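1. Fold the stuff below for me.
(one chain, ligands or ions: 1)
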Amino acid sequence: MNQPTVNHDRAVDLVWARSLEKIMKGEGPAAVRSQLGDEIDSFIPQVATGVLLSANPAFARILYTSAYVAAKRNSFFAMRRLGMPSDFFWKFDMWSDEKAQSTISKVVERLFKQLLHAGRQGLLEFLKVDVPATRFEIAFSDCAECHGMIAERTACNFHAGTFAGIFGAMLDRDLDCVETACIAAGAERCTFSIGLPNNRDIAVMFDKNMTDINVTPIPIGRLDTSSNIERRTIDIGYYQQLLSSAISGNLSTLERTCFDTGTMVGNQLGEVLKSRFGGITNESVSAIYRELRYLDLTIDLSSKPDITISTSGAPEATGALADTAFVPFLAGELQSLLNMAGHKVNFSRIEKHSETQNVDLIFVPEV
Ligand SMILES: [Zn+2]
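-> Down below sits the predicted model:
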């Protein structure tokens, strides 16, 4: 397999830039995928985060940190693009709660709420500030990260990191964010508290949220029957951002991590196919991907024993992720499905058609 060539920061920044362009122009730039459009079902992204969380408890912190760094860098940039001077929140500690409340509300409404909404990530609402304590409370409704998941406590590590980054950029200091209630744990909306990392409450809750994780990867039943499908679509950019942040925690093993995660996701998807279609066939595999608006694919068995899967519109190979470094994720997914369908094959290589961004994945017999 080739060495990964991805620049994780660049991929994430491209996604942020696209959302920013959307809100500044009032209309979106051209769709990343001309055929399938930019909305995908949140199912695979959620399975991916779920399996990563279950497989490795340290993953919560990796995801939080990647999201934090990217959000802080891009929030600075977004505020400058909107003409806010870098000392906009100068001497914030001296502000009255009223002044802080109205100023932050305005910036959140005008910029950050819309940025997150452009990615169909959820609805951000600034609730209140306590200036002397440097504490901020926010709510996030219809959260794409955890909607439909089941967790004993809280599950939204990507968004906790994102909010810490956004508020950290506004105030130009390091802040931490903890989720205090989560839709996945039965709350009506997710709520978060943001404060200084050395604040005792924040520090205690932060450690608990990062270590005491109990997430059910995905309610598989959501896709069991077509009448049962609870539609929840997200923008392809949000998924790409999530995937980049999740997988790039350790760049030196990017390809391996990507592939292994894909394998786990493929196993979950295979279970869905078995219960939904009674088995895994070429037709059911392409049907489920189509239904999730994830990609178009055809499985070509004519060159057996090799199997070629041609894909079009794969989120791992379009737009911000066009350099194919994340394609091993999809390769792992498809290898699992092929094996569950009775083909004993291993992923061999990628062939990319650069003019269409279509990607062929070639699998060879197991030796
Ligand atoms: Zn949540």
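2. quick one: the nearest residue to Asp176 once chain neighbours are set aside and Val108, what's the gap?
-> Using C-beta to C-beta, 6 or more residues apart in numbering and skipping the chain neighbours, the partner closest in space to Asp176 is Pro197 (4.6 Å). From N, CA and C alone the C-beta is placed, and that goes for glycine too. Pro197 sits at a distance of 21 Å from Val108 (criterion: C-beta to C-beta, to the nearest Å).
3. who has more neighbours, the two?
-> Val108 (21 against 12; other C-beta atoms under 10 Å).
4. can you list the residues of the protein near the ion?
-> Listed as neighbours of the ion in the chain under the rule C-beta under 5 Å from the ion: 146, 156, 182, 190.
5. and Arg200, how many residues sit next to it?
-> Using other C-beta under 10 Å, Arg200 has 9 neighbouring residues.
6. Pick out the residue nearest the middle of this structure.
-> The centre of the chain sits closest to Leu242, judged by C-alpha atoms, centre = their mean, with a distance of 2.4 Å.
7. doesn't Phe158 make contact with it?
-> Yes - contact between Leu242 and Phe158 holds when scored by C-beta atoms under 8 Å: they sit 5.8 Å apart.
8. ok, and for stretch 271-285, which residues are buried?
-> Neighbour-count burial for stretch 271-285, with 16 or more other C-beta atoms under 10 Å as criterion, is recorded at 271-273, 276, 280, 282, 284-285.
9. Need the distance between the two termini of that stretch.
-> From the first residue to the last, stretch 271-285 extends over 12 Å; the measure is C-alpha to C-alpha, to the nearest Å.
10. Ok, stretch 167-179 next?
-> With C-alpha to C-alpha applied, stretch 167-179 spans 14 Å between its terminal residues.
11. Now do the buried residues in it.
-> Of the residues in stretch 167-179, 167-171, 175-179 count as buried by neighbour count, 16+ other C-beta under 10 Å.
12. Now do it: everything it contacts.
-> Stretch 167-179 is touched from outside by 68, 71-73, 75-76, 79, 86, 88-89, 92, 104, 107, 134, 136, 154-157, 159-161, 163-164, 190-197, 199, 202-203, 205-206, 209, with contacts defined as C-beta atoms under 8 Å, 6 or more residues apart in numbering.
13. sorry, back to before: and the residue nearest to the centre of the chain, what element?
-> Assigned by DSSP states H and E, Leu242 falls within helix 236-247.
14. Give the rounded mean pLDDT of that helix.
-> Helix 236-247 shows a mean pLDDT of 83.
15. Centre of the chain to the helix or strand following it, how far?
-> The helix or strand immediately downstream of helix 236-247 is helix 254-277, counting by DSSP H and E. Put simply, helix 254-277 sits 16 Å off its chain's centre (C-alpha atoms, centre = their mean, to the nearest Å).
16. pLDDT on helix 254-277, on average?
-> 87.
17. tell me the contacts of Gly119?
-> Contacts for Gly119 (C-beta under 8 Å, 6+ apart) come out as 15, 19, 234-235, 237-238, 241.
18. That concludes my questions; thank you for your assistance.
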